[in-house]
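Novice: Give me the fold of what follows.
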Amino acid sequence: MQSSTMKKVLVVLTNTTRYGDTADATGLWLGEATEFALIMQNAGYDIDYVSPKGGFVPLDPRGMKYVDEEIMEFYENDDFQKRALSSSLSPEQINPDDYIAIYYAGGHGVMWDFPNNQVLQKIATSIYENGGFVTSVCHGIAGLLNIRLSNGDYLIYDREITGFTKTEEILAGKQKVVPFFNQVAAEHRGAKFMKRRAYREYAVQDGHLITGQNPFSAKAVANLLLKNLG
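Specialist: I've put the predicted structure just below:
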């Protein structure tokens with residue numbers, strides 16, 4: 001049997017380039033991927049990158065206003081550019097047994113292509129039911145909304161989770177263009193949605209479910225995950 005320390009972590013990224021049918025660009029919030037991946041790599045874990053369609057992953061231009069030297073260095077790395085941004089894996093290429101955790105990074109784009117991807121949902125269910133962790137940050141929670149366990153229950157039902165709040169969405173000025181509010185959708189599925197002040201670092205763990213509230217919570221999610229894997 002493969003030891004858990006040998007297993008990899010799967011990072012899920014969006015393929016969505018624009019807000020719905022507008023000409024307003026969106027995509028991956030860069031730091032939510034790089035900050036998480038850097039911490040996991042430094043701890044000795046290999047990372048694979050997957051997206052709903054595979055291939056190209058666009059960047060949310062708004063997220064580029066919040067980069068620092070650490071984020072930029074990771075972004076400039078050939079490996080990240082190739083395996084995450086140019087040639088991400090497709091869900092059909094993934095064997096869930098290879099992974100100890102799945103992490104859904106955010107950026108508004110995920111609101112369109114994460115919630116209804118059934119192959120990704122099955123991967124997450126499999127990782128979770130094999131004793132692994134399902135994790136997300138910010139809008140990445142959209143990928144958790146419709147995951148069901150083998151017994152038919154929603155993964156997030158009756159669980160403490162967090163994600164980008166309705167208040168934060170309004171502050172971001174995107175409440176009219178997003179297809180739904182993550183907080184409202186999670187609560188409709190029976191989740192116990194937790195939150196702190198807008199745009200403050202905050203992560204929540206409930207068993208093998210670890211979630212972060214906003215773009216500034218990626219490191220907190222990674223560190224919580226590592227604490228459990230250690």
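Novice: Would you map the strands across this protein?
Specialist: Secondary structure of the chain by DSSP state E: the strands cover 8-12, 47-50, 99-104, 133-137, 160-161, 192-193, 203-206, 209-212.
Novice: what sits opposite Leu89 in the beta ladder?
Specialist: Val50 (DSSP bridges).
Novice: That one touches Gly55, doesn't it?
Specialist: No. Counting by C-beta atoms under 8 Å, Leu89 does not reach Gly55; the two are 9.1 Å apart. All C-beta spots, glycine's among them, are computed from the backbone N, C-alpha and C.
Novice: who has more neighbours, those two?
Specialist: Neighbour totals were compared for Leu89 and Gly55, and Leu89 leads with 18 against 12 (other C-beta atoms under 10 Å).
Novice: mind listing what the more buried one touches?
Specialist: Listed by C-beta atoms under 8 Å, 6 or more residues apart in numbering, the contact set of Leu89 reads Asp48, Tyr49, Val50, Ser51, Gly54.
Novice: Make TSV out of those and add distance to Thr125.
Specialist: Listed next are these as TSV, based on distance: C-beta to C-beta, whole Å:
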residue	distance to Thr125
Asp48	18
Tyr49	20
Val50	15
Ser51	19
Gly54	20
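Novice: I'd like the strands of the chain as TSV, with mean pLDDT appended.
Specialist: Shown next, in TSV, are the strands of the chain (pLDDT from 0 to 100):
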stretch	mean pLDDT
strand 8-12	98
strand 47-50	98
strand 99-104	98
strand 133-137	98
strand 160-161	98
strand 192-193	98
strand 203-206	98
strand 209-212	98
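Novice: how about the helices of the chain, start to end?
Specialist: For the chain, applying DSSP state H gives helices covering 30-42, 69-75, 78-80, 110-113, 118-129, 166-171, 182-188, 218-229.
Novice: buried sites along the fourth one?
Specialist: It stands for helix 110-113. Using 16 or more other C-beta atoms under 10 Å as the test for burial, helix 110-113 gives Val110, Met111, Trp112, Asp113.
Novice: For Glu168, list the residues it contacts.
Specialist: Neighbours of Glu168 in contact, by C-beta under 8 Å, 6+ apart: Ala198, Tyr199, Gln213, Asn214.
Novice: So Ala124 sits against Val134, correct?
Specialist: Yes. Using C-beta under 8 Å, Ala124 is in contact with Val134, at 5.2 Å.
Novice: Can you check which residues contact both of these two?
Specialist: Common contact partners of Ala124 and Val134 (C-beta under 8 Å, 6+ apart): Ile102, Leu144, Ile147, Leu155.
Novice: tally of neighbours for the residue lying closest to the first one once chain neighbours are set aside?
Specialist: Think Ile102. With sequence-adjacent residues excluded and distances taken as C-beta to C-beta, 6 or more residues apart in numbering, Ile102 is closest to Leu10, at 4.6 Å. Using other C-beta under 10 Å, Leu10 is surrounded by 25 other residues.
Novice: does Leu10 really touch Ser126, like I thought?
Specialist: No. Using C-beta under 8 Å, Leu10 is not in contact with Ser126, being 10.9 Å away.
Novice: got a list of what the residue nearest the centre of the chain touches?
Specialist: For the chain, the residue nearest the mean C-alpha position is Tyr104 (1.5 Å; C-alpha atoms, centre = their mean). With contact set as C-beta under 8 Å, 6+ apart, Tyr104 has these partners: Val12, Val110, Phe114, Thr135, Ser136, Val137, Gly140, Ile141, Ala142, Gly143, Leu144.
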